[in-house]
Every structure is written in C-alpha cells, then in structure tokens.
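[1] 3D, please:
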Amino acid sequence: MVEVFRIPTLSHLEGVFHIDYRGSMTTEAERPRRADAIRNREAILTSAREIFTADGLQVPMSVVARRAGVGIATLSRNFADRDELVAAVFAAEMTAYADAAEAALTDPDPWHGFCTFVETACALQSSDRGFTAVLAMTFPRAGGLEAERARAFRSFVTLVRAAKAAGRLRRDFSPEDLPIILMANAGVVTAAGIAAPAAARRLLGYVLQACSAEHTEPLPKPPTPRQMYEAMTSIQTPGHQ
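    Down below sits the predicted model:
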C-alpha cells in the first residue's frame, strides 16, 4: 500500500509556528521563553535598584539574583558583570546628570548655572545611595554610562570657563575639582545616615562659598585629570565581579 505524503497547509503550519510575514518565525516553545527572559531581566533590574539604593554597590551579585528569584547563571546571561548591571540600573540618573550640566549652560548667569549644577549633582547623590557611589567612581566597561559622564564633564568645563569670564568663579578652580566635590559629598551621604541630607547641604554651602571669586587665597595644586581618573577607577567594591 502506497502511503501518500501530505504537504502541510498554511493553516496547519500556523498551529506549529507563529509566522511573522516580514520573514521571521517563532515556535510555541520559544514565545514563553522569550517572555520569561524579559520578566527575568526586569526582576533583576528592580532588585538591583532596591539593593544598591538601600545598601550601596558592594552587595554581592548572588544577593541580587536571589532577590530577583533567578539563578546566578540567569543574571550572568543578562549582565556580564557588575559594571553592566550598574550601567543599566542607573542609566536614567546619569542621563539626568548630563542633562543638568547642559541645562546649566543656558543660564544667563554662569555663576548661578555653576551653583545650580553642583547642587543638582549633589542632590542626585543624596537621593540614592547607589548613585552616590556611581558619581564618585568610574566604570570603564560601561561605555554608555561613561559616555553620559563625559557629556556632563564637557558641559561643566564650558560652564567653568564662563563663570570665570564673568568674574564670579575663583580663577584657580579646576574642572577636576568636581569629582573631588562629589567624592566628599559621597563620603558625607554614606556616613551621616539620617542626617545625610542636612549634612550634605551644609557641606555644599561651604564648598560653593569657597568657590566664589571673592576668595583669593591660593589653593594647593589640583590633581591631574589622569590622577583623578585613576582615583575614581581604583574605588572598587567587594565582589566587584
């Protein structure tokens, strides 16, 4: 008896595959896996933000995975290392930081723009313990995050020149003083506990007064850009990988 081979119809194939008429197909098994992958990634980001904000960046990656309800292998498939996870968690904050620097350039009073930007940067640190550390560190493997940091710094350099030209910012202020200010603010925010907001504002008041052109007493020579980069790179946390 000859067995007839029946060619599957389109309707039969659609029961096995979800056909994208633009040229791609996904099986029934692939669809839930893809949805699960999206849910896992979102759970990791949510858990990492909660943990980094509450406890800082030093929390082991295994703790993030456990809070998210996934295995460490799943976390690693989504984020190759801590730098990549930090970049994903704090991308919006770093963009807001860079946007604030650009906005300060539009202020008709460069000194007011300078003060507003520094205040905004310190406020971003004070509102989130995780971002407190992010602004005081650098993450060489997180290209997008560092590109936004560089955008902010370029705007800040222009702002410094304008504030000096207006005669309001002391002549010996260096753009490399910004990471020093952020490191100092990070130390206060981390150490002061519930008093952190008030303590940080107090510190900033002292700093901005000292930056004014009215203060002409010479300062010690600032660190070089390379020294500041190495300093920010060397601030590592336990379990960085």
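
[2] so what's the residue lying closest to Pro179 once chain neighbours are set aside up against?
    Spatial nearest neighbour of Pro179, excluding adjacent residues (Cβ to Cβ, 6 or more residues apart in numbering): Met228 at 5.3 Å. Yep, even glycine has a C-beta here, placed from its N, CA and C like the rest. Each residue near Met228 by Cβ atoms under 8 Å, 6 or more residues apart in numbering is listed here: 176, 179-180.

[3] so which of those residues wins on neighbours?
    Counting neighbours by other Cβ atoms under 10 Å, the top entry in those is Pro179, with 22 neighbours.

[4] looking at the contacts of Met228, which are in helices?
    Secondary structure from DSSP state H places 179-180 of the contacts of Met228 in helices.

[5] and which of the contacts of Met228 is nearest to Ala54?
    Pro179 (24.6 Å; Cβ to Cβ).

[6] just checking, that closest one touches Ala136?
    Yes: using Cβ atoms under 8 Å, Pro179 is in contact with Ala136, at 7.1 Å.

[7] could you pick out the longest helix of the chain?
    Counting by DSSP H, the longest helix found in the chain is helix 30-55.

[8] list the buried residues for that helix?
    Across helix 30-55, burial judged by 16 or more other Cβ atoms under 10 Å covers 40-41, 43-45, 47-49, 51-53.

[9] would you list every one of the helices in this protein?
    Along the chain, the stretches classed as helices by DSSP H are 10-16, 30-55, 61-68, 72-78, 82-89, 91-104, 110-127, 129-136, 143-165, 177-192, 196-211, 225-234.

[10] Phe114 and Ala191: what is the separation?
    26 Å (Cβ to Cβ, to the nearest Å).

[11] okay, the two: which has more neighbours?
    Neighbour count, other Cβ under 10 Å: between Phe114 and Ala191, Phe114 has more, with 24 against 10.

[12] tell me the spacing between the closest residue to that one other than its chain neighbours and Gly193.
    Nearest residue to Phe114 in three dimensions, chain neighbours excluded: Ala163, at 4.5 Å (Cβ to Cβ, 6+ apart). From Ala163 across to Gly193, the span is 33 Å (Cβ to Cβ).

[13] tell me which of these two has more neighbours.
    Between Ala163 and Gly193, counted using other Cβ under 10 Å, the more crowded position is Ala163 (25 against 8).

[14] give the contact list for that one.
    Taking Cβ under 8 Å, 6+ apart, we find Ala163 in contact with 110-111, 113-114, 169.

[15] what number of residues lie near Ala133?
    21.

[16] that one contacts Ala186, doesn't it?
    Yes: look at Ala133 against Ala186 with Cβ under 8 Å: they come within range, at 6.4 Å.

[17] and the nearest residue in space to Gly113 that is not next to it in sequence, what are its phi and psi?
    Closest residue to Gly113 apart from its sequence neighbours, by Cβ to Cβ, 6+ apart: Asp107 at 3.2 Å. In terms of degrees, to the nearest 10, the main-chain angles of Asp107 are phi -70, psi 130.

[18] which ones are touching the residue positioned nearest the centre of the chain?
    Geometric centre of the chain, nearest residue: Phe90, 3.5 Å, by Cα atoms, centre = their mean. The neighbours of Phe90, taking Cβ under 8 Å, 6+ apart as the test, are 52, 130-131, 134, 145.
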